[in-house]
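S.K.: With the input below, show me the fold.
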Amino acid sequence: MEPSTSRRPAGRAPYVAVIGPGTGATREEAELARRVGSLLADRGAIVVCGGLAGVMSAACEGASARGGLTVGLLPGRDRDAGNPHLSVALPTGLGELRNGLVVGASDAVIAVGGSWGTLSEIALAMRTGKPTVVIGGWAIAMPGAAASEVPGVAASAEQAVDEALRRAGARPR
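M.R.: Coordinates of the predicted model:
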């Protein structure tokens with residue numbers, strides 16, 4: 001089921017979650033996430049993430065280097081535990097359950113790489129009808145799923161950002 005883009009008021013910046021491995025992120029995944037964050041900031045999107053290391057930190061670093069806004073929904077209660085590239089750090093005290101908040105606060109989701117936590121966020125995004133694009137990670141589909149129920153798969157950071165923003169109903173460049 002394709003989500004309604006009318007839920008995001010015209011002119012409001014899209015919120016895009018960038019999800020992926022934390023401490024287990026590879027150098028390639030971090031570089032890809034940094035590029036995704038930069039591109040999202042260049043397009044006026046707000047980066048939302050789990051606020052910690054790895055893909056989350058790299059996406060925030062890329063966005064903040066371009067003057068973008070970054071929001072981290074932290075698993076613990078310590079605001080200072082967030083990565084140094086966050087504009088806003090929100091401690092939730094929810095542990096892994098904060099993955100639902102990351103997805104829920106976003107208009108679209110870009111998954112860079114894959115871990116079990118990433119898979120849970122992809123599942124939550126798909127379950128709630130959030131536009132989801134995967135780059136360099138999990139490629140999954142429910143048996144018999146319609147095209148709108150399958151995460152998009154991107155071959156580059158540019159393609160991932162274009163697809164996520166298009167699916168979220170953002171203005172084209």
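
S.K.: which secondary element of this protein has the worst mean pLDDT?
M.R.: strand 152-154 (a mean of 90; mean pLDDT, DSSP states H and E).

S.K.: what's next to that strand, contact-wise?
M.R.: Residues outside strand 152-154 that contact it (CB atoms under 8 Å, 6 or more residues apart in numbering): 131-135, 139, 160, 163-164, 167. Any C-beta I mention is one placed from the backbone N, CA and C, and that applies to glycine too.

S.K.: now swap in stretch 65-81 and tell me
M.R.: 13, 15, 37-38, 40-42, 45-52, 56, 59-60, 63-64, 82-83, 85-96, 98, 101-102, 105.

S.K.: Report the buried members of those residues.
M.R.: Using 16 or more other CB atoms under 10 Å as the burial test, the contacts of stretch 65-81 include 15, 37-38, 40-41, 45-52, 56, 59-60, 63-64, 82-83, 85-86, 89-92, 98, 101-102 as buried.

S.K.: Next, check those residues against the strands and list the overlap.
M.R.: 15, 46-49, 89-91 (DSSP state E).

S.K.: can you list the residues you listed in JSON lines and add distance to Ala125?
M.R.: Supplementary listing: these in JSON lines, determined by distance: CB to CB, whole Å:
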{"residue": "Tyr15", "distance to Ala125": "13"}
{"residue": "Ile46", "distance to Ala125": "17"}
{"residue": "Val47", "distance to Ala125": "15"}
{"residue": "Val48", "distance to Ala125": "12"}
{"residue": "Cys49", "distance to Ala125": "13"}
{"residue": "Ala89", "distance to Ala125": "22"}
{"residue": "Leu90", "distance to Ala125": "19"}
{"residue": "Pro91", "distance to Ala125": "22"}
